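K.L.:
Curious how this folds, go ahead:
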Amino acid sequence: MASTRSKARPATRRRRFWNYPRPGKGPIRRWLPSWRFILGTILGFVALGSGAFVAAYATTTIPKNLDSVNDQTTTVYYADGTPIGEFFVQKRELVPYEELPKYVGDAVVASEDAKFWDHNGIDIRGMGRALINNLTGGSRQGASTLTQQYVERYYTDTVTSYTGKAKEAILAVKITQAQSKEEVLGKYLNTIYWGRGAYGIEAASQAYFGHSAKELTYSEAALLSGIIPSPSRWDPALNEDQAKARWQRSINRMAADGYITAEEKAAAEFPAYLPRQEATNSKGGQAGFLLNEVRRELLRTGQFDEQTLDTKGLKIYTTIDPRLQSAAEAVAESAYNADPPALERMQIGLVSMDPRTGELRALYGGRDYVTNSFNFATDGRAQAGSTFKPFTLIGALEEGHQLSERYDGQSEARIQGWGENNIGPRNFGGDNFGNIDLVEATAKSVNTVYARLNLEIGPEKTAEVAHRLGLPKIEEGKPGFVGNNAANVLGDSSVRPIDMATAYSTIAGGGYRVQPHLVREVKNSDDSVRYTGPTERVQEFDPDVIAAATYAMTKVVEDGSGSTAQELRGPNREKRPVAGKTGTSNSNRSAWFAGFVPQLVTVVGLHQDTEDGAGEEKITPFGRWHGLSGMTGSTFPVRAWTDYMEVALQDVPVEQFPPYVPPRPTASPTPSEEPSEEPSEEPLPEEPAEEWVTVPGGLVGREFNELQRQFAELGLVAVPRAQDDPSPKNTVLSYDASGNQVPPGSRIPVVVSTGSQGRPTPDPAPSTAPPAPEPSQPPATEPAPGPSREPGPGGGTGGGGTGDGGGGGGDGGTGGGGAGAGGGILPGVGSGGSGG
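P.N.:
Numbers count the residues shown, from 1 in each chain. So this is what the prediction gives:
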């Protein structure tokens with residue numbers, strides 16, 4: 001039987017994913033991928049890319065910070081509308097697209113993205129061309145549309161990676177779908193950087209041409225559009241040839257795309273442009289201090305935050321008068337320009353405010369904000385010295401004391417309750433004043449009298465008055481705390497100039513306290529009012545009490561350490577009433593003058609830092625006061641105050657203080673021998689009102705003794721003041737209140753000739769008894785204090801404040817350096833005088 005065998009199947013090899021080298025192919029093709037592999041790979045990448053794009057598109061959202069494209073620069077203005085400076089993140093002012101000339105947008109489209117009106121936010125051809133060029137090693141190209149540039153500048157920041165560019169493209173497509181072309185173009189124009197620190201078309205137009213973008217010509221628009229890619233390199237002020245080439249390119253493209261006519265193209269001329277401004281620090285000098293205080297004040301209201309101030313395009317109008325601010329700066333700088341100059345570490349603060357509104361008119365806190373941003377006017381503290389004495393006086397008047405009350409003014413007298421040894425403070429220069437009233441004690445700043453008065457009313461009353469006047473209540477142990485110690489009357493507390501100005505403004509305002517502020521009004525970018533400054537006036541004191549205190553403080557100027565301020569005159573050179581108080585601290589480490597007229601309060605304060613800045617030291621005398629052993633309130637502070645006020649009140653009419661009417665003495669009733677239980681049927685007679693008297697006129701040119709006699713017959717007191725004049729000695733040159741009605745007992749200042757042109761002789765002393773009808777000799781005189789006399793803070797004993805916290809005390813008196821040294825420290829200001 002024959003057997004059969006089937007044919008065996010050839011063995012098969014399993015296909016592998018990586019089938020290389022491929023069998024049955026030539027030596028080269030066996031290593032090349034098949035078309036199936038290539039096609040599959042391409043399709044796989046396309047599918048993967050499409051899926052990734054779809055996923056990315058679906059998950060990409062337009063950022064929430066869309067509105068920040070509307071960030072605008074906030075401008076701060078002086079009271080007269082001139083700018084002080086700006087708050088901004090980017091310097092920008094928005095202009096609605098529809099308010100711009102049409103050719104502004106056309107110029108940018110022609111220069112930057114000719115297909116802008118047609119594409120959907122991206123240019124596919126341009127992107128492909130740029131990709132191929134970049135991959136093949138050609139010069140790197142970009143293909144961003146205006147929309148993509150807008151996205152890059154605002155939403156994504158600058159990106160260079162392909163992933164970043166893809167995200168940018170997706171956002172551009174989405175924004176094109178969400179916003180109109182006009183909206184996109186308008187935001188682009190208001191967003192991009194144009195050079196010269198300008199963001200947005202409005203800032204650019206101002207920077208290059210000095211006018212609004214609404215006034216741009218098509219030629220100016222062509223220049224701006226041409227420099228967009230590199231504004232710093234193509235700024236016409238830096239490279240005019242390249243700028244002209246870019247301008248011509250824009251003009252040509254505008255004509256080619258039909259945005260301007262051939263005639264307009266032919267007539268186009270390269271526009272005139274502004275020179276490039278050198279970069280400066282906008283906060284240099286005084287501007288930085290003012291801008292910082294504006295920001296702080298608005299933040300304290302709780303109605304503003306940092307972002308609002310920096311991005312909302314607000315218009316902030318301050319109360320600062322630029323003329324007065326310049327005057328404040330000038331008087332302060334005079335110290336550093338003196339011969340010899342003040343040390344750089346000496347700090348000056350000047351605050352000037354309207355006592356009726358609280359509006360600050362000038363604020364000087366330091367020389368240069370960039371060099372040293374610490375504001376001594378608002379943040380610095382120095383011992384107040386005798387500027388606190390009016391606080392005690394007001395407290396005493398509220399408690400029923402009268403200005404006519406008399407106290408022992410002996411220096412270092414025994415005062416029960418003062419210090420550990422019951423020895424009162426030393427008066428300035430160790431002077432003894434005998435038995436004097438509170439008016440003279442205020443004028444001469446007599447420490448011992450005020451020490452007694454403070455103990456009578458209680459030091460806590462002085463502290464209470466200080467707080468009601470406007471000094472802030474501060475926790476014990478912290479700078480600025482006003483304690484209840486006996487020496488608080490001598491100003492042992494360290495205060496800020498702004499707080500002292502507030503306190504004295506309450507006095508100048510007749511007892512009404514106002515809030516100091518330098519922001520009058522804030523407007524939104526659309527000019528609607530957003531905020532107005534505080535206007536509330538709070539009555540803290542009886543006007544009669546304040547009138548009495550003010551009267552006493554006028555004598556500081558007329559008869560005391562503030563005599564330099566007598567130089568102040570009205571628009572017609574008539575006498576202007578001034579009240580105030582000097583102050584000097586222990587060891588002459590601080591010096592003050594706080595003074596006012598009814599319309600304006602100004603405080604000038606000095607102190608000197610130690611070399612390491614860790615504390616304070618004795619102020620080094622400078623300028624005309626160089627020969628003194630120390631600076632007092634009657635030196636530079638009152639001199640600077642007077643020169644500043646001379647400018648500030650140049651055209652302000654003279655206004656009188658409210659009249660002080662001394663209280664009539666009331667007679668004690670005489671008790672009857674037998675008290676009656678029945679009331680009298682007859683009404684008690686009314687006490688006759690005191691009749692005022694008229695100050696006689698026509699006495700200028702007469703002898704002082706004759707005037708003194710006539711005054712005495714009317715119950716008036718003539719207070720002589722010597723002045724150099726070639727008229728015969730003791731001739732009356734002028735006197736106050738001629739023809740006016742005043743209460744009996746009033747003290748009338750009288751200017752009397754010395755009979756020479758040289759150094760003035762001492763002031764004639766008023767007679768205390770009625771003069772004889774025919775005086776045979778001129779009135780007696782008192783020795784005048786000489787300039788070599790050592791100024792000091794109440795004798796350097798700290799007000800006798802051992803156990804009471806020390807004390808400031810004392811002033812420079814009426815003498816001191818600079819007597820007759822030529823008047824003011826500003827050119828053309830001041831008429832000579834004591835110089836403090």
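K.L.:
that's a helix at residue 705, yeah?
P.N.:
Yes - when the secondary structure is assigned by DSSP: H, G, I helix; E, B strand; the rest coil, residue 705 falls within a helix.
K.L.:
Tell me how far it lies from residue 722.
P.N.:
Applying CB to CB, to the nearest Å, the value for residue 705 to residue 722 is 15 Å. Where C-beta positions appear, they are placed from N, C-alpha and C, glycine not excepted.
K.L.:
cool, residue 468 as well?
P.N.:
The span separating residue 468 from residue 722 equals 40 Å under the rule CB to CB.
K.L.:
and if you look at residue 634?
P.N.:
Distance of residue 634 to residue 722, computed by CB to CB: 18 Å.
K.L.:
I'd like the next helix or strand past the helix or strand bottoming out on mean pLDDT in the chain.
P.N.:
When each helix and strand of the chain is scored by mean pLDDT, DSSP states H and E, helix 124-135 comes last, with a mean of 58. Sequence-wise, the next helix or strand downstream of helix 124-135 (DSSP states H and E) is helix 146-151.
K.L.:
For that following helix, give me every contacting residue.
P.N.:
Among residues not part of helix 146-151, those counted as contacts by CB atoms under 8 Å, 6 or more residues apart in numbering are 108-109, 112-113, 116, 121-122, 168-169, 171-172, 175-176, 184-185, 187-188, 191-192.
K.L.:
And residue 41, what's its pLDDT?
P.N.:
Per-residue confidence at residue 41 stands at 72 (pLDDT).
K.L.:
Next secondary structure after the helix or strand hosting it?
P.N.:
Using DSSP H and E, residue 41 sits in helix 35-59. Sequence-wise, the next helix or strand downstream of helix 35-59 (DSSP H and E) is strand 74-77.
K.L.:
coming back round to it: more neighbours: residue 634 and residue 722, which one.
P.N.:
More neighbours sit around residue 634 than around the other of residue 634 and residue 722, counting by other CB atoms under 10 Å; the figures are 34 against 20.
K.L.:
name the element that one belongs to?
P.N.:
Under the assignment given by DSSP H and E, residue 634 is not contained in any helix or strand.
K.L.:
Roughly how far does it sit from residue 554?
P.N.:
Taking CB to CB as the measure, residue 634 and residue 554 are separated by 16 Å.
K.L.:
Give the residue spans of this protein that score low on pLDDT.
P.N.:
Screening the chain residue by residue with the criterion pLDDT under 70, one finds the ranges 1-22, 24-25, 29-37, 45-70, 123-143, 153-167, 278-281, 664-691, 757-823, 826-836.
K.L.:
can you list the domain ranges for it.
P.N.:
Structural domains annotated on the chain: 20-59, 90-267, 317-384+495-520+533-661, 386-492, 693-753, as defined by the TED database.
K.L.:
So which of those domains is nearest residue 825?
P.N.:
Distances from residue 825 to each of the domains of the chain were compared using CB to CB; the shortest belongs to domain 317-384+495-520+533-661, at 4.2 Å.
K.L.:
Can you give me the end-to-end span of the closest one?
P.N.:
Domain 317-384+495-520+533-661 has an end-to-end distance of 41 Å (criterion: CA to CA, to the nearest Å).
K.L.:
Kindly report the same for stretch 697-709.
P.N.:
Its start and end residues considered, stretch 697-709 measures 13 Å (CA to CA).
K.L.:
buried stuff in that stretch?
P.N.:
Of the residues in stretch 697-709, those scored as buried under the neighbour-count criterion (16 or more other CB atoms under 10 Å) are 699, 703, 704, 705, 706, 707, 708, 709.
K.L.:
before we move on, what about stretch 93-109?
P.N.:
Taking 16+ other CB under 10 Å as the neighbour-count basis, stretch 93-109 is seen to contain the buried residues 93-95, 97, 100-101, 103-109.
K.L.:
same deal with stretch 329-337?
P.N.:
329, 330, 331, 332, 333, 334, 335.
K.L.:
Pull up the gap between the closest residue to residue 80 other than its chain neighbours and residue 83, please.
P.N.:
Leaving aside its sequence neighbours, residue 80 sits nearest to residue 322 (CB to CB, 6 or more residues apart in numbering; 6.2 Å). As for residue 322, its distance to residue 83 is 10 Å (criterion: CB to CB).
K.L.:
more neighbours, these two?
P.N.:
When neighbours are counted by other CB under 10 Å, residue 322 comes out ahead of the other of residue 322 and residue 83, with 17 against 12.
K.L.:
Now the more buried one: phi and psi?
P.N.:
Here is the backbone geometry of residue 322 (degrees, to the nearest 10): phi -60, psi -30.
K.L.:
do the same with the one 4 residues further on
P.N.:
Torsion angles at residue 326 (phi, psi; degrees, to the nearest 10) stand at phi -60, psi -40.
K.L.:
wait, what's in contact with it?
P.N.:
Applying CB under 8 Å, 6+ apart, no residues qualify as near residue 326.
K.L.:
Now with 10 Å, please.
P.N.:
With contacts taken as CB atoms under 10 Å, 6 or more residues apart in numbering, residue 326 has the following neighbours: 286, 362, 647.
K.L.:
before we move on, what about residue 438?
P.N.:
Contacts were defined as CB under 10 Å, 6+ apart; by that measure residue 438 touches 392-393, 396-397, 401-407, 446, 449-450, 453, 548-549, 552.
K.L.:
Straight-line length of stretch 188-196, end to end?
P.N.:
Between where stretch 188-196 begins and where it ends, there is a gap of 18 Å, by CA to CA.
K.L.:
Please apply the same query to stretch 410-420.
P.N.:
Between the start and the finish of stretch 410-420 there is a gap of 19 Å, counting by CA to CA.
K.L.:
buried set for that stretch?
P.N.:
410, 411, 412, 413, 415, 418, 419.
K.L.:
can you give me the strands for the stretch 151-300 of the chain?
P.N.:
With DSSP state E, counting those that start in this stretch as the criterion, the stretch 151-300 of the chain has no strands.
K.L.:
need the helices for the stretch 601-750 of the chain, in chain order.
P.N.:
In the stretch 601-750 of the chain, the helices defined using DSSP state H, counting those that start in this stretch lie at 636-648, 704-713.
K.L.:
how far away is residue 108 from residue 189?
P.N.:
As judged by CB to CB, residue 108 and residue 189 stand 7 Å apart.
K.L.:
Please apply the same query to residue 630.
P.N.:
For residue 630 relative to residue 189 (CB to CB), the value is 63 Å.
K.L.:
of those two, who's got more company?
P.N.:
Between residue 630 and residue 189, counting by other CB under 10 Å, residue 189 is the more crowded of the two (25 against 22).
K.L.:
which residues does the more buried one contact?
P.N.:
By CB under 10 Å, 6+ apart, the contact list for residue 189 reads 94-95, 97, 100, 104-105, 108, 146, 150, 200-202, 204, 213, 224-225.
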